[in-house]
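K.L.:
the following block contains a protein sequence and its predicted model.
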Amino acid sequence: MKLLELYILRRILQMFLVALVPVLTIIWTIQVLGRINLVTDTGQSMGSFMQLASYILPTIIPVVLPFAFVIGITQTLTAMNNDSELPVIDAAGAARSIIYKPVILLAVALSLVSFTITNFIEPKSRLGAREMVAAAYADLLSSVIEEKTFRSIEDGLYVQISERHSGRVLKGLFIVDYRDPNFGLIYYAREGSVDPGGTSLTMRDGEVHRKGPDGRISIVKFASYAFDLSAMTQSDEGGLPLYSGDRPLSFLLNPDKTDPAYQKKPESFRSELHRRLSDWLFPITFALVSLLVAGNTRSHRSARLHPMIYVLLFAFLLRWLGFSATNLTERNAAYVPLVYAIPLVTCLVTGFMLATNRQIQMPRLFSRSITKATTVVQKRLSPTGRGTTGEVK
C-alpha cells in the first residue's frame, strides 16, 4: 500500500474510532440501565451486573459499526477536501483508486468483524445473559424478596410474602398474575415452598381468584397447588429455552426439525438466518455510498450541506429497509431475496457510478430547502444576527 493510501486509511480509522466509542458507550449505557432491575430486584452483586453488561455489548456493535464508519469516511474526506488535499491529489494526476482502495479495504475488514460478532459471539452472549437472568430469578422467591414487599418477577407477575423460613419455606403468599390478557389470577396461600431447582412453587391451604373477560370472578379453594415457574427459566426439555437468536449459525443453516422451539416457530429461525447472512454487507454498502457522495473534489466556498448528513440519511433509509425486509421474511419466504437485494443492488449501482466517475446530484429543490434551513439556523445562532452562508454572489 502506498504512503498516501496509508495516510488516508489511518485518518479514516482514527475518525471511525472517535465516532464509534462515544456512540457505542451511550447506547450501551441505555441498554444496561434498562436491566438495572437485575440488581434491585434480585440482589445480585455489581460484579454480576457488569458481567451482564459485557454480554449486551456484542449485540449492539454490529448495528452501530456501519454508521460510525460513515461518519469516519465522510468527515475525513470532507476535511481533506477543505484542506485542499483532495484537489492536490487530483491535480497531480493520481488515480481515484488511491482514495477508494483504503476505504474499501477497511470496509471489508469491518464487514468480516461484523460477520464474526453477529454469527459467533452474539449468540453466545445472548445465551449467557439469559442464563444469568434465569439463575437470578430462579432463587428470587426463596431468598431475595423482602418480606411484606411486592416485587415484580416478570411483566404481569407480582409476588408478596409475609415471612421467610429455613428450608425454602414461605408464609403468607400473595401472587397476582396478569400475564394472560384474557383473564387475571390472584392467589392466596398460608404457606408455600420453592423446589431446589426454582421451577415450581407449591402453595398449601389457600384459594385462587380468577377474573374473566366479562368481569365475573370465580373462587376455588385448594389444599395444595403447584405454581409453575419453569416458563421463566426452563424449556420443555428441562433446560434454558433456546430461541432463534441464541442458536449458532450451524443450527440455523441445518435446523433440527424435531426441536420444540423450531417446531413452534420455524419462521423466526428463517428470519434470523437471513438477518445474520445480510447484516455484514452494510459496512461495504455504506462505504461505497460515502465515497460516491464525499470522495470527489468540491468547491467549499459554495453553500452546501455537509456530505455526512446526506450519507447518514441514506444509510438510515437503507438500514430501515433492511430491517423491514428481514421482518417480512418471517411472514413469507418470498421476501428472502429482498433482504440481499437491498445492500447488493446499492453496491452495484454505487460501484458502477464510482467506476465511471459519475457524481450523485441531489434534487435541486431538496438542496435549496436544506440551504435555506441552514441559513436560517446560522442567522439565529450568529451573535450579530447575520449568518455566513458562504455563497458566491
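P.N.:
Arrived safely, thanks for sending. Keep in mind that this is a model prediction, so the values were computed, not measured.
K.L.:
just for the stretch 251-393 of the chain, where's the confidence low?
P.N.:
Where the stretch 251-393 of the chain drops to pLDDT under 70, the residues are 299-304, 361-371, 374, 378, 381-393.
K.L.:
all strands of it, in order?
P.N.:
For the stretch 251-393 of the chain, no strands turn up when DSSP state E, counting those that start in this stretch is the criterion.
K.L.:
which residues in it form helices?
P.N.:
Assigned by DSSP state H, counting those that start in this stretch, the stretch 251-393 of the chain shows helices spanning 260-264, 266-279, 282-294, 307-329, 336-355, 364-381.
K.L.:
give me whichever of the ones you listed is most buried.
P.N.:
Among the helices of the stretch 251-393 of the chain, ranked by average contacts under mean count of other CB atoms under 10 Å, first place goes to helix 282-294 (a mean of 25). Using the backbone N, CA and C atoms, a C-beta is placed for each residue, glycine as well.
K.L.:
relative orientation of that one and helix 307-329 in degrees?
P.N.:
Angle of helix 282-294 versus helix 307-329, following axes from the mean of the first three to the mean of the last three CA atoms, to 10 degrees, is 150 degrees.
K.L.:
returning to what we had before: out of the helices of the stretch 251-393 of the chain, the one nearest residue 154 is which?
P.N.:
helix 260-264 (18.9 Å; CB to CB).
K.L.:
what about the closest one, distance to the chain center?
P.N.:
The chain centre lies 24 Å from the centre of helix 260-264; the measure is CA atoms, centre = their mean, to the nearest Å.
K.L.:
so which elements touch it?
P.N.:
Packing partners of helix 260-264 (3 or more CB pairs under 8 Å, 6 or more residues apart in numbering; DSSP states H and E): none among the helices and strands.
K.L.:
dump it to CSV, keeping only the CA atoms.
P.N.:
Output of helix 260-264 as CSV, limited to C-alpha atoms (Å, rounded to 0.1, in the frame of the first residue of the first chain):
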residue,chain,number,x,y,z
PRO,A,260,-39.5,-27.9,20.1
ALA,A,261,-38.6,-24.3,19.6
TYR,A,262,-38.2,-24.8,15.8
GLN,A,263,-41.5,-26.6,15.6
LYS,A,264,-43.3,-23.9,17.4
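K.L.:
just to revisit the earlier point, in TSV, list the helices of the stretch 251-393 of the chain along with distance to residue 81.
P.N.:
Supplementary listing: the helices of the stretch 251-393 of the chain in TSV, determined by distance: least, CB to CB, whole Å:
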stretch	distance to residue 81
helix 260-264	52
helix 266-279	31
helix 282-294	8
helix 307-329	9
helix 336-355	16
helix 364-381	18
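K.L.:
and for residue 203, the neighbour number?
P.N.:
Neighbours of residue 203 under the rule other CB atoms under 10 Å: 23.
K.L.:
ok, the one 5 residues further on next?
P.N.:
Per other CB under 10 Å, the neighbour tally for residue 208 reads 19.
K.L.:
correct me, but it touches residue 226?
P.N.:
No. Counting by CB atoms under 8 Å, residue 208 stays clear of residue 226, with 11.9 Å between them.
K.L.:
out of the helices of the stretch 251-393 of the chain, flag the one nearest residue 125.
P.N.:
helix 266-279 (13.8 Å).
K.L.:
contacts for the closest one next, please.
P.N.:
Contacts to helix 266-279, defined as CB atoms under 8 Å, 6 or more residues apart in numbering, come from residues 62, 114-115, 118-119, 243-245, 247, 249, 252-253, 255, 262, 322, 326-327, 329-331, 333, 336, 339-340, 343.
K.L.:
and it with helix 336-355, angle?
P.N.:
Using the same axes, to 10 degrees: helix 266-279 against helix 336-355 is 10 degrees.
K.L.:
how far does helix 266-279 sit from its chain's centre?
P.N.:
The answer for helix 266-279 is 15 Å, by CA atoms, centre = their mean.
K.L.:
roughly how far does residue 207 sit from residue 174?
P.N.:
Separation of residue 207 from residue 174 (CB to CB, to the nearest Å): 11 Å.
K.L.:
shared neighbours of these two, anything?
P.N.:
187, 188.
K.L.:
tell me how far stretch 282-289 lies from the chain's centre.
P.N.:
19 Å.
K.L.:
export it as CSV, just CAs?
P.N.:
The C-alpha trace of stretch 282-289 is given here as CSV (Å, rounded to 0.1, in the frame of the first residue of the first chain):
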residue,chain,number,x,y,z
PHE,A,282,-23.8,-2.9,5.3
PRO,A,283,-20.3,-1.6,6.1
ILE,A,284,-19.3,-2.2,2.5
THR,A,285,-22.6,-0.7,1.2
PHE,A,286,-22.3,2.4,3.4
ALA,A,287,-18.6,2.8,2.4
LEU,A,288,-19.4,2.9,-1.3
VAL,A,289,-22.2,5.4,-0.8
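K.L.:
count the neighbours of the closest residue to residue 150 other than its chain neighbours for me.
P.N.:
The shortest distance from residue 150 to any non-neighbouring residue, by CB to CB, 6 or more residues apart in numbering, is to residue 160 (4.9 Å). As a burial measure, residue 160 scores 16 neighbours (other CB under 10 Å).
K.L.:
now residue 160: phi and psi?
P.N.:
phi -140, psi 140 (degrees, to the nearest 10).
K.L.:
for it, name its beta-bridge partners.
P.N.:
residue 174 (DSSP bridges).
K.L.:
what sits against it?
P.N.:
145, 148, 149, 150, 151, 173, 174, 175.
K.L.:
in JSON lines, list those along with neighbour count.
P.N.:
Formatted as JSON lines, the contacts of residue 160 follow (neighbours: other CB atoms under 10 Å):
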{"residue": "145", "neighbour count": "20"}
{"residue": "148", "neighbour count": "11"}
{"residue": "149", "neighbour count": "9"}
{"residue": "150", "neighbour count": "12"}
{"residue": "151", "neighbour count": "18"}
{"residue": "173", "neighbour count": "23"}
{"residue": "174", "neighbour count": "16"}
{"residue": "175", "neighbour count": "22"}
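K.L.:
wait, which of the residues you listed is closest to residue 355?
P.N.:
Out of the contacts of residue 160, the member with the shortest distance to residue 355 (by CB to CB) is residue 151, at 62.3 Å.
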